[in-house]
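Trainee: Need coordinates for the below:
(4 chains)
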Protein chains: 4
Amino acid sequence: MKKIGVLTSGGDCSGMNAAIRSTVRTALTKGLEVVGIRQGFVGLLDKLYFSMDSKSVSNILQHAGTILQTARCEEFKFERGQKQAVRTIEELGIDGLVIIGGNGSLTGALALHHQGIKVIGIPATIDNDLFGTDMAIGVDTALNTIVTAIDIIRDTASSHDRAFIIEVMGRESGYLALMAAIASGAEAAIIPEVPCDLEKIAQHLLERYKAGKTNSLIIVAEGASSAYTIERKLKGSIGYETRITVLGHIQRGGVTTVFDRLLASNFGMLAVKALLDGKSGEMTVLQGNNYSTISLEEVISKKKKITPELLELAKSLSS
Amino acid sequence: MKKIGVLTSGGDCSGMNAAIRSTVRTALTKGLEVVGIRQGFVGLLDKLYFSMDSKSVSNILQHAGTILQTARCEEFKFERGQKQAVRTIEELGIDGLVIIGGNGSLTGALALHHQGIKVIGIPATIDNDLFGTDMAIGVDTALNTIVTAIDIIRDTASSHDRAFIIEVMGRESGYLALMAAIASGAEAAIIPEVPCDLEKIAQHLLERYKAGKTNSLIIVAEGASSAYTIERKLKGSIGYETRITVLGHIQRGGVTTVFDRLLASNFGMLAVKALLDGKSGEMTVLQGNNYSTISLEEVISKKKKITPELLELAKSLSS
Amino acid sequence: MKKIGVLTSGGDCSGMNAAIRSTVRTALTKGLEVVGIRQGFVGLLDKLYFSMDSKSVSNILQHAGTILQTARCEEFKFERGQKQAVRTIEELGIDGLVIIGGNGSLTGALALHHQGIKVIGIPATIDNDLFGTDMAIGVDTALNTIVTAIDIIRDTASSHDRAFIIEVMGRESGYLALMAAIASGAEAAIIPEVPCDLEKIAQHLLERYKAGKTNSLIIVAEGASSAYTIERKLKGSIGYETRITVLGHIQRGGVTTVFDRLLASNFGMLAVKALLDGKSGEMTVLQGNNYSTISLEEVISKKKKITPELLELAKSLSS
Amino acid sequence: MKKIGVLTSGGDCSGMNAAIRSTVRTALTKGLEVVGIRQGFVGLLDKLYFSMDSKSVSNILQHAGTILQTARCEEFKFERGQKQAVRTIEELGIDGLVIIGGNGSLTGALALHHQGIKVIGIPATIDNDLFGTDMAIGVDTALNTIVTAIDIIRDTASSHDRAFIIEVMGRESGYLALMAAIASGAEAAIIPEVPCDLEKIAQHLLERYKAGKTNSLIIVAEGASSAYTIERKLKGSIGYETRITVLGHIQRGGVTTVFDRLLASNFGMLAVKALLDGKSGEMTVLQGNNYSTISLEEVISKKKKITPELLELAKSLSS
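Mentor: As a prediction, the model looks like this:
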C-alpha cells in the first residue's frame, strides 16, 4: 500500500476534521501518500481531489465541519455510479480509502468494498445510530451544544411560568433526545423507542405545576414527533403556557469537545492501520474501552438500541 | 424616601439580574429598604413580594433571566388594574418603584407615574427598540448569543453547498438582524426598515456561487418576514440548496456579557439616585458616553431608528 | 435504611453538584430522608447539616463547585476525629453516608467504614488518579476547560513566533496533561509517567521551526516539573521566544459537560442503591460501559496507570 | 491612491483579523489593490508581503490573533530602520499604509508619517490605554474572556472558604482590572491609578468573613502589583486561606465579540476612507457614538485616564 484516499460524506458533524487530521498524519508517518477527495462521493465521480501533506491539516483539530466538504450523491446509489468511482480510484492509484460518515456513507463504503476497493469506514454522525460502536464522532459535541442551548432556555423558562417543548435531531434514533433530557434535567423526553403517553406527561407536569414548579422542559426527538404536534396536543391540558424551540442546524456544530477529538484521533489512526493490515469492508468501533474494527456488513444490517439502564436513569431523575 | 420596590416585566433578557442586583445594593448603601415584587405587574395586583437584602442578590450578576420572574398582565392595561396596583404600593409603604423591562412594561410604568406613584424605568429588551437610549440591557448578550449560533451554522454551511436562512428576533425592529448580519459576515440581511429586493439578493448570491463562494448566510428579522417565506421565494433562483434555522428563545439568554453587566449596574445605580433626587416618570439612558434619564413620555411616543452609518457598513462588507 | 447523609470533600470539581442532585433525588424516590453535610468532614465534626428535599437540588445540575461546600480537615485524619464524626452520624440517625471526593476523601470514607459506618464513595477529582474507574467526575469538564484555554493560546502563539509552555494540574498524574496535549494538538507533553528528554524535545521544536512551523505548545504536568523550570532549560536551545502560562484554578471549573452530568447522575443513583443493598466500604466505578462498585481498600492501595495506547497516540500525532 | 498596505504590530488581540478583513474588503470595493505585510515592521524591513484579495480574508472575522502575524522589531525604533521601511514601501508602490496595533506600533506609524509615508493607525490593544478613543479593538473580547475565567474561579471559591487573588493584564493601565472587578462582582480591585490601602481591604474582607461571606475575589492589575506580592501582604490578616491565579495569555484571545467585530469593521472602513481623503498621521477613534480620526501626535503624547464615574461604580457595588 502506497497511497490512500480520504473523504467525508453525508451530514457533517464536529470531529470530522479531527478524523481527517489523524488519518492524514498517521498515513504520512507510515510513509503513505494521501489524497483528499472533496465533497464525498461526488468527488469520486467528478474527480475533485488534491494531494495532502502535514500542513493541509494544520489548525483544524478543533473546528466543526469538514475541510473536505460533503455532499449528497444520488448517482452513487446505483452501480453505474459506483463503477465510475472505482475508475477514478484506480486512475489516481489509490490503494485504500478511508470514508468518514454516517449510515448512508457507510452503505456506500460497503458498495465500494464489494467492487473490490479496499475501504475502511469511520463512524461520524450526531445521531449515534450506528450499530457496533458505543459512540460515533460528533455525538459528544452535538450533545454539549444541545445541552448548552437547553441550559439557556431553562433560564428564560424559569423567569416565566412556561413549559418549553424543544425539538432535537437524531433521525430515527431517540439517543440524542434522551441523553439531552437527562443531562439538562428535563421533565420529559419523547423518543421513538418508547410509546409516548402524552396524557401521563401532561398530568405529571400539572402536578409539578400545582406543587409550585411552574416551568418545565420537554425534549422531543424529531424521529418521534414534532414540537408543533406535541404543543398542539399538550395545550390546555397542562395549565400554563407553552413555547417551542426547534434547535436546528446549530446541533451539527460547536467547538469539537475533547472526547470527540480523542475518538476521532483514535479512529483515524486505527483506520490507517487496518488498511495497512490488509483489512477492508470494516468500520472502526469503540466498545467499552476497546478500539477495534467490525464488518460493515454487520453495521449496516443491524439496528442499534438504547440500553435499558439509560431509560431507567431517565425515569429516576425526572421526579 | 425610605423604601423602594423593584420589579421586572415583559420578555426576560440577560442582564435583568445584574440590574436588580445594582438597584438593591445601591439602595441598601443609601439606607433604603427594598421590596422585590414577583412576576411583574401581576405581583403588584396579587401582592407577591418579599424583603430584599444584600444576600438576596448574591451570585446572580452573570445569570440570564430574572430572579423576580416576569409575566404578562392583561388587567394592568386597564385603569382598574392600575388603581389596584397603587393600593398595594401604598399598603406596602413603597415610596418609589424601579421597573425593568421593554416597551410594554415602560408604558405600564408611565401609567403608574400618572397615578401619582414615583417610578423610574430601566430599559431592558433584546430588541433595542426603545427611543432615547443607545442600548437597552440584554442587547449585547443577545447579539453575542445569536452570532455564536450563526458562527456554528457557518461551519456546517461551509461543509456543504448551501444557503442558510436564519430568522432572528427583534419584533418590529431590524436592529438585531442587521447587527448580527454585520458581525457574522452574512451575505444579506432582510429587515423591516429597508424595502427588500429579493431578486437582487438572489442575483448577488448566484454571482457569488458562480465565483466559487458556495455557501451563504441570509439573516431575516422576524419583523420583516419569516425564514420560511424567504426560502420559498428564493428557492430555485439561487442555484443551490437552502436550509432554515429559526433561532428562537435561545436568543433571550446566554451568560451576561461584560457590557450588559456594566450597563445594568450603571442603570440600577442611576435609577435609585433618580428616585432619591425626587424624579419620576423617567427612564435611564445611555447616550454616547453619558448616563442620564429622559421622560418616559418621550420614550413611549417616539420611534427609534437605525442609523444610516450602520446601513452603510452592512452594504460595504457583504461584497 | 431510613436516612442517608451526603457530603463533598477535598478539592472541588465540576459535576459534584450533579452527583449530589442524583444522590438526593434517587434517595427521595426510594423513600429515604436525606441530610446534607456541609464542608466535608468538618461538617461531621462541627455538626453543620441540613435536611434536603427535591428543591434543595433544583437548578444545580450544570454548575461547577459544590453547594455542600468542601474543606480540608486535619483532625479527621486521626482516630479521635473519626470517632467524633461517628458520634455525629449516630446522633443524626444517619444509616448510610455517600462521600463524594478524591483520594484523601475516600481514605476518610474507608476510615469511617472501619469505624462501622455504612459508606459508599463516589470518585470526583479532576486528576483522574483513582484506581478502578476509567473516569472520575470532573475530569471531562476539566479537560474541556483546559483545552479551550489552550485553543485560545494557540491563536496568540500562531500570531507570533513563540513556544508556549503551559502548566496543567493533575498532582502526581500526567493524565490531564497527556490528554490535553493530544486534544489540543500540542507538540510535546511532559508527564511524570515518562522520563523527559528535554534535549530531544528541543531538537524536535528546532526542526519544526526550521521547517516553518514557528509556534509550538508544550504541556507540562505539575507532577513532572513546572513551566518555569522547563522554560529555563529550553531557553536558548530552541531558537525562538518562549512564554509561560500556568492555568491554575480555572481548571477546576467550567459548565459541567454532558459526560460529567451523566457520569455523576449514574454514580449518585448507584451509590444510593448500593447502600440499600447493604453494601459499605465501596466506591462506584465505570469500567468500559459497566457501572458497578469495588472495594475502597483496593482503590486506596493501588495506583492507576496510563494506558500504553494513550502514550502511543500521543507520539503518533505530534509529528 | 492605487495601492495600500496593511500590517499588524505589537501584542496581538482578538479583533485584529476583523480589522484586516474590513480594511481589505473596503479597499477592494473602492478599487484599490491591497498588499498584506507580514510580522509587522519586520515585514517592511525584510520584505515579507503578499497580494490580498477578497478570499484572503474569508472566514477570519471571528478568530482571535492575526493572519498577518506580528513581531517586535528593534531596528525599526531607529531612523535607519525606518528609512529602510520607506524604501520597501516605495519599491512596492504602496501609496498608503494601515497600521493596526497599540502604543508602540502607533509610535512607529507616526515615525513613518514623519518620513513622508501616508499612514492611518487603528487602535488595537487589550490594555485600552490609548488616548482619544473610548475603546480599542480587543478590549471587549479580553474583558469577556477575563470575566468568564473569573466566573469559573468564583464557583470554586464559593465551594471553599477562600480569597482568590487574580492578576490581570493591562500594562500601566488599571482599566481591564477595574472593569473586570465590576463585571465579576469582585470585592476589591488594586489598580495603578488609585493608591492601594491594603489594610483597609483586609479589614473589609475580614468583616465580610465574619458576616458569613467566606469567599472573596481580589483583582490585581499587573501595573499596580503582582498577585504574589498582594498574597504575601494579605496573608494572616484576613482570617482565611488565599489562592492565586495569574490569567496570563488567555486574556489576549477568545472568540471575537460582536462589539469588537463591529468596532474593527468600522475602524477598517474608516481607515481606508481617511487614506482616500488624503489624510495621514491620524488614528481612527470612537468617541461616544462618533467615529472619526485624530492626530497620532496627540494620541502618543497624551495619557488616557479612567473616568471618575467608573471609580464610583466600583465602590458602590463591592459593599
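Trainee: what's around the closest residue to chain C within chain A, how many residues?
Mentor: Distances between chain A and chain C by C-beta to the nearest C-beta are smallest at residue A:288, namely 2.7 Å. (Glycine included, C-beta is placed from N, CA and C.) By other C-beta atoms under 10 Å in any protein chain shown, 12 other residues sit near residue A:288.
Trainee: Give me the nearest residue to it, chain neighbours excluded.
Mentor: Residue nearest to residue A:288 in three dimensions, not counting chain neighbours: residue C:288, with 2.7 Å by C-beta to C-beta, 6 or more residues apart in numbering or on different chains.
Trainee: Was I right to think that neighbour contacts residue C:134?
Mentor: Yes - taking contacts as C-beta atoms under 8 Å, residue C:288 lies within contact range of residue C:134: 7.2 Å.
Trainee: Enumerate the residues of the stretch 1-150 of chain A near chain B.
Mentor: Within reach of chain B by C-beta under 8 Å from any C-beta of the partner chain, the stretch 1-150 of chain A has these residues: A:8, A:12, A:14, A:16, A:63-66, A:69-71, A:145, A:149.
Trainee: how does it look with 7 Å?
Mentor: A:12, A:63-66, A:69-71, A:149 (C-beta under 7 Å from any C-beta of the partner chain).
Trainee: Among those, which pair sits farthest apart?
Mentor: Spanning the widest gap among the residues of the stretch 1-150 of chain A next to chain B are A:71 and A:149, at 27.1 Å by C-beta to C-beta.
Trainee: Have a look at those two and say which one is more surrounded.
Mentor: A count of neighbours by other C-beta under 10 Å puts residue A:149 above the other of residue A:71 and residue A:149, at 28 against 20.
Trainee: isn't the more buried one right next to residue B:250, touching?
Mentor: Yes - look at residue A:149 against residue B:250 with C-beta atoms under 7 Å: they come within range, at 5.1 Å.
Trainee: For the residue with the largest distance to the centre of chain A, which non-adjacent residue is closest in space?
Mentor: The C-alpha centroid of chain A is most remote from residue A:210, which lies 39.1 Å away (C-alpha atoms, centre = their mean). Leaving aside its chain neighbours, residue A:210 sits nearest to residue A:239 (7.9 Å; criterion: C-beta to C-beta, 6+ apart).
Trainee: Kindly report the same for residue A:135.
Mentor: residue A:286 (5.7 Å).
Trainee: is it fair to say that neighbour lies in a strand?
Mentor: Yes - assessed by DSSP: H, G, I helix; E, B strand; the rest coil, residue A:286 belongs to a strand.
Trainee: Please verify my assumption that residue A:69 contacts residue A:38.
Mentor: Yes - with contact defined as C-beta under 7 Å, residue A:69 counts as touching residue A:38 (5.4 Å).
Trainee: Neighbour count: these two, which is higher?
Mentor: Using other C-beta under 10 Å, the more surrounded residue of residue A:69 and residue A:38 is residue A:69, with 24 against 20.
Trainee: Ramachandran angles for the more buried one?
Mentor: phi 60, psi 170 (degrees, to the nearest 10).
Trainee: Check residue A:104 too.
Mentor: When read as degrees, to the nearest 10, the backbone of residue A:104 gives phi -60, psi -40.
Trainee: Would whichever strand or helix holds residue A:23 count as contacting chain C?
Mentor: If you go by DSSP states H and E, residue A:23 is part of helix A:16-29. Yes - Helix A:16-29 is in contact with chain C by C-beta under 7 Å from any C-beta, via A:22, A:25-26, A:29.
Trainee: Isn't the residue nearest to residue A:288 up against residue A:289?
Mentor: Yes - using C-beta under 7 Å, residue C:288 is in contact with residue A:289, at 5.0 Å.
Trainee: pretty sure residue A:39 belongs to a strand, no?
Mentor: No - under three-state DSSP, residue A:39 falls outside any strand and is assigned coil.
Trainee: so how far is residue B:16 from the residue lying closest to it once chain neighbours are set aside?
Mentor: Computed as C-beta to C-beta, 6+ apart, the closest residue to residue A:39 that is not its neighbour in sequence is residue A:71, at 4.2 Å. Residue A:71 sits 45 Å away from residue B:16 when distances are taken as C-beta to C-beta, to the nearest Å.
Trainee: still on that earlier bit, now restrict the residues of helix A:16-29 next to chain C to buried residues only.
Mentor: A:22, A:25-26 (16 or more other C-beta atoms under 10 Å in any protein chain shown).
Trainee: wait, which of the residues you listed is closest to residue C:2?
Mentor: residue A:22 (53.3 Å).
Trainee: OK, contacts around that closest one?
Mentor: Applying C-beta atoms under 7 Å, 6 or more residues apart in numbering or on different chains, we find residue A:22 in contact with A:264-265, A:268-269, C:317.
Trainee: can you list the buried ones among the residues of helix A:16-29 next to chain C in JSON lines and add pLDDT?
Mentor: Converted to JSON lines, these look like this (pLDDT from 0 to 100):
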{"residue": "A:22", "pLDDT": "96"}
{"residue": "A:25", "pLDDT": "94"}
{"residue": "A:26", "pLDDT": "94"}
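Trainee: From those, pick the one nearest residue B:254.
Mentor: Ranking these by separation from residue B:254, with C-beta to C-beta as the measure, puts residue A:22 on top at 32.8 Å.
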